[in-house]
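**Q** predicted structure and sequence below. I'll ask about it afterward.
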Amino acid sequence: MPKNKADHLIRKAFLYIRQSTLRQVYENTESTKRQYALKGKLISMGWDESRIEVIDSDLGQSGAESDERRGFQYLVSEVSLGRAGIVAGIEVSRLSRSSADWNKLLQIAALSDTIIMDEDGTYNVNDFNDRLLLGLKGTLSEAELHYLKARMRGGLLNKAKRGELKRSIPIGYVYDDNGQIAKDPDAQVQEAIMMFFRAFKRIGSAHGLICEYSKEGVLFPSRPFNGFRLGELSWKTLSRSKAVETLRNPLYAGIYVYGKQQMQQTAGTRKLKEMPKEQYYAWLPGSHPAYISEAQFEENCQRLAKNSRPKPGSVNGGAVREGAGLLQGIAFCGICGKMMHVHYRGRKSDHQYCPYYLCNSNNRNHGGDYCQRVPGVNIDKAIETLLLETINPMTTEAAILIQREMTRRKEEILRLYAQQMERARYEMDLAKRRYLRVDPDNRLIAAELERDWNQKVSEYESAKTAYEQKCEAEIRAVDEKLESALKQLVSDFPKIWNDQQTSNREKKRIASLILEDVTITSDSTNIVLGVRFKGGSTRILELPKKGRDLYWVNMELSVISEIKSLLFLGLSNQEISDALNERGFKRMSGKPFDYPIVNYLIRSNGMPKRVTLRRPDDAKDWLTCKEKMEEIGVTKTKLRNMRESGKLIYIAFFPGKKMFLYKPEDSVNV
């Protein structure tokens with residue numbers, strides 16, 4: 001009995017056509033023709049051709065999901081609105097390879113009384129047997145896709161576990177004739193890769209590495225692994241992403257890896273997730289020639305992890321920064337054992353900050369109190385003294401090693417520029433030979449080859465000029481400036497350490513190379529430092545706790561010095577406070593100076609009075625205004641009147657400030 005009724009014929013018939021990929025659409029044309037041929041069967045079943053709608057917008061789309069299949073979404077919406085009398089497809093897998101999407105369509109079709117048709121027959125979804133059969137077909141369709149993927153995935157993983165799966169490989173490696181990974185035959189590329197890893201070992205950060213490359217004008221090789229320039233060697237400016245990617249790639253350590261990133265299914269989406277080393281599909285050390293050792297690769301990864309911004313709960317101090325905190329990344333709390341972070345206080349305008357070593361893990365994780373908040377003024381001074389004592393006996397040997405290292409670095413750079421010049425010369429000669437071999441009568445080709453030759457000549461001259469300039473500048477710097485600086489370093493290392501040109505970054509790098517960690521424990525009066533060196537030896541330092549910031553300590557000293565100089569000028573306390581405010585001095589609270597605070601600083605620091613500072617030598621025993629008033633028992637107004645009327649013997653000093661000294665024991669008529 002036919003499943004379609006008169007009620008179905010008055011509604012539309014939808015013919016759904018799909019192929020999984022565009023390649024199948026292009027190559028498997030017979031399958032597409034079979035799907036379009038179902039239109040004739042629908043006409044034979046009673047549908048008018050004008051009532052048949054063909055949905056073929058999903059050609060080239062996979063049936064595993066419905067998110068990107070606009071045609072399938074439109075079909076479901078039409079069925080749900082009751083506009084579809086029949087849904088036709090060559091087979092269930094054309095409509096969907098997902099049981100969830102397929103069963104959803106069947107449920108909606110049952111509610112709207114829509115029949116389903118494939119190449120085998122017609123099905124009424126409200127009939128139990130038909131619905132059971134359609135459900136089994138949908139399950140088998142999804143299982144078929146699963147088996148196909150499993151077979152392909154299994155073969156791929158099996159090949160990857162042997163290290164034979166070909167993928168895009170980084171610069172410095174190529175596939176040889178046997179399909180094995182080998183070093184790039186270009187000697188300049190190999191030298192550039194080796195120079196890159198040596199530079200990172202010396203500098204210690206990816207940012208510092210790209211800054212040095214930019215400063216020296218060193219380029220990094222590149223070979224595109226797709227596009228029309230596939231495999232073509234070019235030289236580009238080193239970027240941060242390229243530097244980090246190269247440092248984190250285990251292929252340079254001779255390790256074949258597969259499965260660093262794996263697809264993870266989440267609610268509503270899928271995304272790539274970085275996996276731990278234990279869950280890699282393949283980890284094959286020694287599978288191909290290496291540029292660095294496995295130990296150096298691990299060290300580079302650890303260095304990058306330490307240089308990243310500290311995250312909550314991490315034991316990572318971050319890359320050394322510009323701040324003055326000498327123990328960044330190596331200071332630990334003596335109470336809870338967690339890493340202490342460096343905070344700064346001070347004024348941004350003056351770039352003067354005082355370090356505070358803060359253990360805030362309890363506050364950050366549980367909302368509790370800080371374990372410790374220790375001012376770093378005395379701590380850094382004590383560590384500096386300890387470092388100078390430790391380093392000083394080794395300065396001669398260190399200077400020799402530094403000199404050798406700097407000389408080797410300059411030779412690397414010069415060798416790279418020389419190779420660049422040699423490559424340009426070869427390309428110039430090649431362009432010349434091509435031009436000389438062309439038929440002179442073929443003017444179009446000859447003109448093009450001549451332009452190419454001229455361009456290669458220009459590139460060679462530029463490379464030659466760059467090499468010569470680099471030779472002159474760098475060799476002169478090594479011979480004169482560097483050797484002079486090294487001799488000074490050997491003779492007086494503490495002076496170099498305290499030199500203003502020695503940055504905080506370099507000081508902290510030196511400290512992290514010598515010290516393993518420093519444990520800080522403080523109470524209300526003292527700070528105890530447990531210093532552990534790289535070699536395993538330890539030192540215990542005990543020093544007083546200074547509660548004020550270094551910035552404000554220095555500020556107070558400069559304020560006191562300024563007040564003393566203003567006192568010599570005969571300024572009053574109010575005038576001194578006004579002068580301090582005009583010159584940009586601030587109190588620790590950030591408020592301006594006033595009369596009471598200036599008076600307090602004068603008294604607390606034992607500064608003499610203005611009269612004492614400028615009292616004439618021949619008037620050492622004379623009396624001030626206050627002392628004279630007490631001697632003769634008069635008021636200030638009466639004393640002024642007596643002075644102006646000539647009844648008192650006095651002298652004036654501090655011109656313009658109305659400061660007077662009076663002769664003692666005057667006989668006057670009060």
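**A** In hand now; what should we look at?
**Q** can you list contacts of stretch 170-187?
**A** 164, 166, 169, 189-190, 193, 220-223, 233, 245-246, 249, 251-252, 256, 287-289, 291, 419 (Cβ atoms under 8 Å, 6 or more residues apart in numbering). Any C-beta I mention is one placed from the backbone N, CA and C, and that applies to glycine too.
**Q** likewise stretch 76-90?
**A** By Cβ under 8 Å, 6+ apart, the residues outside stretch 76-90 that reach it are 4, 7-18, 31, 34-35, 38, 41-42, 45, 47, 66, 75, 95, 104-105, 108-109, 111-112, 114-119, 122.
**Q** how about stretch 425-440?
**A** Ile445, Ala446, Leu449, Glu450, Asp452, Trp453, Gln455, Lys456, Val457, Glu459, Tyr460, Ala463.
**Q** tell me which element the third one falls in.
**A** In this case it means Leu449. helix 443-476 (DSSP states H and E).
**Q** which elements pack onto the helix or strand Asn158 falls within?
**A** Assigned by DSSP H and E, Asn158 belongs to helix 128-161. Helix 128-161 is packed against helix 92-95, helix 99-112, strand 122-124, strand 255-258, with contacts defined by 3 or more Cβ pairs under 8 Å, 6 or more residues apart in numbering; DSSP states H and E.
**Q** ok now it, how far from the chain's centre?
**A** Centre-to-centre, helix 128-161 and its host chain are 44 Å apart (Cα atoms, centre = their mean, to the nearest Å).
**Q** how far off helix 99-112 does that helix point, in degrees?
**A** 160 degrees (axes from the mean of the first three to the mean of the last three Cα atoms, to 10 degrees).
**Q** immediately after helix 128-161, which helix or strand?
**A** As assigned by DSSP H and E, the chain's next helix or strand after helix 128-161 is strand 173-175.
**Q** so how far is that following strand from its chain's centroid?
**A** 30 Å.
**Q** for that strand, give the mean pLDDT please.
**A** Taken as a whole, strand 173-175 carries a mean pLDDT of 89.
**Q** pull out the buried positions in the helix or strand just after it.
**A** Once the chain leaves strand 173-175, the next helix or strand it forms, by DSSP H and E, is strand 181-183. When burial is assessed from 16 or more other Cβ atoms under 10 Å, strand 181-183 yields the following buried residues: Ile181, Lys183.
**Q** what helix or strand is Leu430 located in?
**A** helix 395-437.
**Q** what's the local residue count around the closest residue to Ser57 other than its chain neighbours?
**A** Leaving aside its chain neighbours, Ser57 sits nearest to Gly71 (4.0 Å; criterion: Cβ to Cβ, 6 or more residues apart in numbering). Neighbour count for Gly71, taken as other Cβ atoms under 10 Å: 19.
**Q** likewise the one 3 residues further on?
**A** For Tyr74, the count of nearby residues is 16 (other Cβ under 10 Å).
**Q** hmm, Ile55 and it touching each other?
**A** Yes - shown here, Tyr74 and Ile55 form a contact pair, counting by Cβ atoms under 8 Å, at 6.6 Å.
**Q** show me the shaky parts of the stretch 351-500 of the chain.
**A** Residue ranges of the stretch 351-500 of the chain with pLDDT under 70: 351-353, 363-368, 391-407, 443, 472-500.
**Q** how about 50 then?
**A** Low-confidence segments of the stretch 351-500 of the chain, defined by pLDDT under 50: 351, 393, 474-478.
**Q** what of the stretch 551-670 of the chain?
**A** Along the stretch 551-670 of the chain, the parts satisfying pLDDT under 50 run over 551, 666-670.
**Q** if you set the cut-off to 70 instead, what comes out?
**A** Within the stretch 551-670 of the chain, the ranges that satisfy pLDDT under 70 run 551-557, 568-570, 588-590, 606, 608-621, 651-660, 665-670.
**Q** that older thread, what's the mean pLDDT across the helix or strand where the residue nearest to Ser57 lies?
**A** In the assignment (DSSP H and E), Gly71 maps to helix 70-80. For helix 70-80, mean pLDDT is 90.
**Q** can you give me the buried ones in it?
**A** For helix 70-80, burial by neighbour count (16+ other Cβ under 10 Å) applies to Gly71, Phe72, Tyr74, Leu75, Val76, Glu78, Val79, Ser80.
**Q** helix, strand, or coil at Lys201?
**A** Recorded secondary structure, Lys201: helix (DSSP: H, G, I helix; E, B strand; the rest coil).
**Q** go on, Ile527?
**A** Put simply, Ile527 is strand when judged by three-state DSSP.
**Q** again, but for the one 3 residues further on
**A** Following three-state DSSP, Gly530 is assigned to strand.
**Q** surely Pro355 is within a strand?
**A** Yes - the assignment for Pro355 by three-state DSSP puts it in a strand.
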